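Predicted coordinates and the sequence they were generated for:
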Amino acid sequence: MKKILFCVTFILLSAGVSLAQDEGTRYLESVAKAYEGLKDYTCDVRVHFDVEVLKSPDMEAKVYYKAPDKLKVESKKIFFFPREGGFFNPATFKSQDFDIILLERLTYDGGKAVKLKLIPKKAGKITQETTLTIDTERNLIREMNMSQFGGRVIKATIEYGNFGNFQLPTRIGLDLDIPPQEPNESKEFDQFAQRGRRMTGKVDITYSKYKVNSGLSDEMFTEKAPQKKW
């Protein structure tokens, strides 16, 4: 009888885990589906740093994006663009690349939301565990918490506006907590986290003057392509 009860309990728990994974996958795929028609966008960005180890005036640039993963940044001056968390690409989180865990259902800004944990299935461009808070009524990622072994944490909070039938970011706020890095580290932000000093602070990125699906060519994303004036 104990063996039977154990087997039944195991089957029920396994079914519950499988159902939660299926639900998490469905929520993530709903976000991707909302941007199926987004071929490219161009926008102006302004980056404000409030980070102790990175003293810099506000930076301005123009960002070009073309699906699925092409990015180009143009600036008249030296420009540091925090791609990790600051670059909006709706194709970043493909459900087939992750084990997805539904952590909880919650209320976010008065609407229904879920929190998902994404664990990469194999080593690649995304190596950290990521927790997403998704607005399930509008299929929008509202928060991203990215953490890696060693205590490296970046949290992104995203606000949106309507542009060309799509919800695109008007502001992304980053909260940084990055431990001291080895001198040869080259990831985003890590070059500024000097050995022996922890990097903490905030980065505020605002986006404006969007142009959506304007037909950007692949050539403009190559290094030899001429700089587009603006």
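It's in. Numbering: from 1, shown residues only.

lowest average confidence, helix or strand, in the chain?
Sorted by mean pLDDT, DSSP states H and E, the helices and strands of the chain end with helix 2-34, the least confident at a mean of 63.

Strands of this protein, start to end?
With DSSP state E as the criterion, the chain has strands at 40-51, 59-66, 70-74, 98-108, 111-120, 129-135, 140-148, 152-163, 166-178, 199-212.

Of all those strands, which one comes closest to residue 23?
strand 98-108 (5.2 Å; Cβ to Cβ). All C-beta spots, glycine's among them, are computed from the backbone N, C-alpha and C.

Parallel or antiparallel, which strands does the closest one pair with?
Note on strand 98-108: by DSSP bridges, its sheet partners are strand 111-120 (antiparallel).

what's across from residue 106 in the sheet?
residue 113.

Can you pull up the most central residue in the protein?
Closest to where the C-alpha atoms of the chain average out (Cα atoms, centre = their mean) is residue 85, at 4.5 Å.

Pull the contacting residues for that one.
Residue 85 makes contacts with 144, 146, 154, 155, 156, 172, 174, as judged by Cβ atoms under 8 Å, 6 or more residues apart in numbering.

Spatially, what comes nearest to residue 178 if we skip its sequence neighbours?
The shortest distance from residue 178 to any non-neighbouring residue, by Cβ to Cβ, 6 or more residues apart in numbering, is to residue 199 (4.2 Å).

so how far is residue 205 from that neighbour?
Separation of residue 199 from residue 205 (Cβ to Cβ, to the nearest Å) stands at 17 Å.

Between those two, which is the more surrounded one?
With neighbours defined as other Cβ atoms under 10 Å, residue 199 and residue 205 compare such that residue 205 has more, 25 against 20.

and that one, what pLDDT?
Listed pLDDT for residue 205 reads 95.

Compute the distance between the spatially closest residue to residue 44 that is not a sequence neighbour and residue 140, please.
Once flanking residues are discounted, residue 44 sits nearest to residue 209: 4.6 Å by Cβ to Cβ, 6+ apart. As judged by Cβ to Cβ, residue 209 and residue 140 stand 21 Å apart.

out of these two, which sits in the busier spot?
A count of neighbours by other Cβ under 10 Å puts residue 140 above the other of residue 209 and residue 140, at 21 against 11.

so what's residue 157 up against?
Applying Cβ under 8 Å, 6+ apart to residue 157 gives the contacts 142, 143, 172, 173, 175.
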